[in-house]
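S.K.: sequence-free structure coming up:
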């Protein structure tokens, strides 16, 4: 409850969003590559007992890769959860009006940084080797390719929540000094 600032939340959001999407993309990409390679090398083997290696590979690696496809929507849910946590954190922050100007500068800097991150993300997903993997990240691609707009909206709405709440309920309930009367 004694949180004094939420100024770094936008930067943490950008960093974690990129990391989440890239890690999910790596899992999906490597899972598909591993299954293809194993299938190419061991697919024709007869392992005895009436089964061949193709069926075993499909039952094991195929199931793993099928579960990795849930990462397409899990990544979006994690990003949306981070956005909601920024709004909740902004509500819980008690701050003074003097911090509005530094917060505004931090939002502007975050928007400028997000332009570079969004452009770098676009370059990564347009690589021919990775394009098919990242094509399934519809929601995450929408957020990451329009990251400057998202950072602007999240920063402005978070600031409105943070600075419109200052001094409202605490001063009425606790007499302004934080002690219940």
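M.R.: Noted; the coordinates are in hand. Keep in mind that this is a model prediction, so the values were computed, not measured.
S.K.: quick one, helices of the protein?
M.R.: With DSSP state H as the criterion, the chain has helices at 9-42, 53-68, 71-92, 100-125, 128-134, 138-145, 147-165, 169-174.
S.K.: what's the angle from the longest one to helix 138-145?
M.R.: In terms of direction (axes from the mean of the first three to the mean of the last three CA atoms, to 10 degrees), helix 9-42 departs from helix 138-145 by 130 degrees.
S.K.: And helix 9-42, how far out from the chain middle?
M.R.: Centroid separation between helix 9-42 and its chain, computed with CA atoms, centre = their mean, to the nearest Å, is 13 Å.
S.K.: Use 56 as the first number from now on
M.R.: Sounds good: first residue 56 from here, last item helix 64-97.
S.K.: For it, name the packing helices and strands.
M.R.: With contacts taken as 3 or more CB pairs under 8 Å, 6 or more residues apart in numbering; DSSP states H and E, helix 64-97 sits against helix 108-123, helix 126-147, helix 155-180, helix 183-189, helix 193-200, helix 202-220. (Glycine included, C-beta is placed from N, CA and C.)
S.K.: what about the ones you listed, which gets the closest to residue 74?
M.R.: Nearest of the helices and strands packed on helix 64-97 to residue 74, taken as CB to CB: helix 126-147 at 10.2 Å.
S.K.: ok, and what's touching the closest one?
M.R.: Applying CB atoms under 8 Å, 6 or more residues apart in numbering, the contact partners of helix 126-147 are 56, 58, 61, 64-65, 68, 71-72, 75-76, 79, 82-83, 191-195, 198, 205, 209, 212-214, 216-217, 220.
S.K.: and the angle for it with helix 108-123?
M.R.: 20 degrees.
S.K.: which of the residues in helix 126-147 are buried?
M.R.: 126-127, 130-131, 133-134, 137-138, 141-142, 144-145 (16 or more other CB atoms under 10 Å).
S.K.: quick check, nearest of those to residue 165?
M.R.: Looking across the buried residues of helix 126-147 and measuring by CB to CB, the closest to residue 165 is residue 141, at 11.3 Å.
S.K.: about what we covered before: can you redo the helices of the chain as JSON lines, where the extra columns are mean pLDDT?
M.R.: Formatted as JSON lines, those follow (pLDDT from 0 to 100):
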{"stretch": "helix 64-97", "mean pLDDT": "91"}
{"stretch": "helix 108-123", "mean pLDDT": "84"}
{"stretch": "helix 126-147", "mean pLDDT": "93"}
{"stretch": "helix 155-180", "mean pLDDT": "94"}
{"stretch": "helix 183-189", "mean pLDDT": "92"}
{"stretch": "helix 193-200", "mean pLDDT": "95"}
{"stretch": "helix 202-220", "mean pLDDT": "91"}
{"stretch": "helix 224-229", "mean pLDDT": "51"}
